[in-house]
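Asks: Build me a model from this:
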Amino acid sequence: MASSPYRSSGQVPCSYHPNVMTGLRCSRCGKPICPQCAVRTPVGLRCPDCAGVRGLPTYQTPAADLLKAVGLGLLVAVGVAVLWRFFPLWQFYLCILLGFGAVETMARTVKYKRGVDMQIAAIAVVVFGMLLARALLAQRYGISLGDINSLNAAVITPEALETGRRTGDISVAGLLQLNLIPDLLYALIPIAVAFVRFR
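Replies: Residues are numbered from 1 along each chain as shown. Down below sits the predicted model:
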């Protein structure tokens, strides 16, 4: 009796990732599978076809649900931006709150649906929250739009001088938390949360 080509031993290319050599086989059909595509089941590792892996049925978000999620996410983003105005030194924690607060509120609203539409909406909400926080900080420190063009200029207002004594920075960029490191990294936290959550 001839043996199946799928039952050969040794390293062979994966059926789903031809550039990966593997010794694993599907426990049902015998196809070569690699750790990336192998699906753990109660009866052993299986290929995605035999394991019945399909896309989640939650990828399509109805427009009404999407609008409701954006609205509630914006409410959280506005709340965090207002907190940011009064507690600018809590920037790291507020970035985390903005990311997880707004994004999880949106996810709950749409019953944990995922997809590109939710990714784009969530990223837009957190970017809006960060921009609003910067606008509120500018208003707090008396920074005008003209001042923003010269980010290294010092801001001489009582509020800016008080904060500057605590942080050692009274420049426009410092007060608006626009320095490259760590402010840029902090700003990427909520964007990354939004991107990963709805992937």
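Asks: what's Leu45 sitting at in phi/psi?
Replies: Main-chain dihedrals, Leu45, degrees, to the nearest 10: phi -80, psi 140.
Asks: How about it: which residues does it bridge to?
Replies: For Leu45, the beta-bridge partners are Arg40 (DSSP bridges).
Asks: ok, now which ones touch it?
Replies: Residues near Leu45 by CB atoms under 8 Å, 6 or more residues apart in numbering: Leu24, Cys26, Ser27, Ile33, Ala38, Val39. All C-beta atoms are positioned from the backbone trio N, CA, C, and that covers glycine.
Asks: my guess is Ala133 contacts Phe87, does it?
Replies: No - if you go by CB atoms under 8 Å, Ala133 and Phe87 don't touch, sitting 10.6 Å apart.
Asks: higher neighbour count, these two?
Replies: Ala133 (26 against 11; other CB atoms under 10 Å).
Asks: and that one, that's in a helix?
Replies: Yes - per DSSP: H, G, I helix; E, B strand; the rest coil, Ala133 lies within a helix segment.
Asks: neighbours of the closest residue to Val78 other than its chain neighbours, just the number please.
Replies: Using CB to CB, 6 or more residues apart in numbering and skipping the chain neighbours, the partner closest in space to Val78 is Leu132 (6.5 Å). Leu132: 18 surrounding residues under other CB under 10 Å.
Asks: Offset the numbering so it begins at 776, please.
Replies: Sure thing, new numbering starts at 776, so read that last one as Leu907.
Asks: right, and Leu907 touches Leu850 too?
Replies: No - counting by CB under 8 Å, Leu907 sits too far from Leu850 to count as a contact (11.9 Å).
Asks: remind me which residues of the chain are low pLDDT?
Replies: For the chain, the stretches flagged by pLDDT under 70 are 776-784, 828-835, 918-955.
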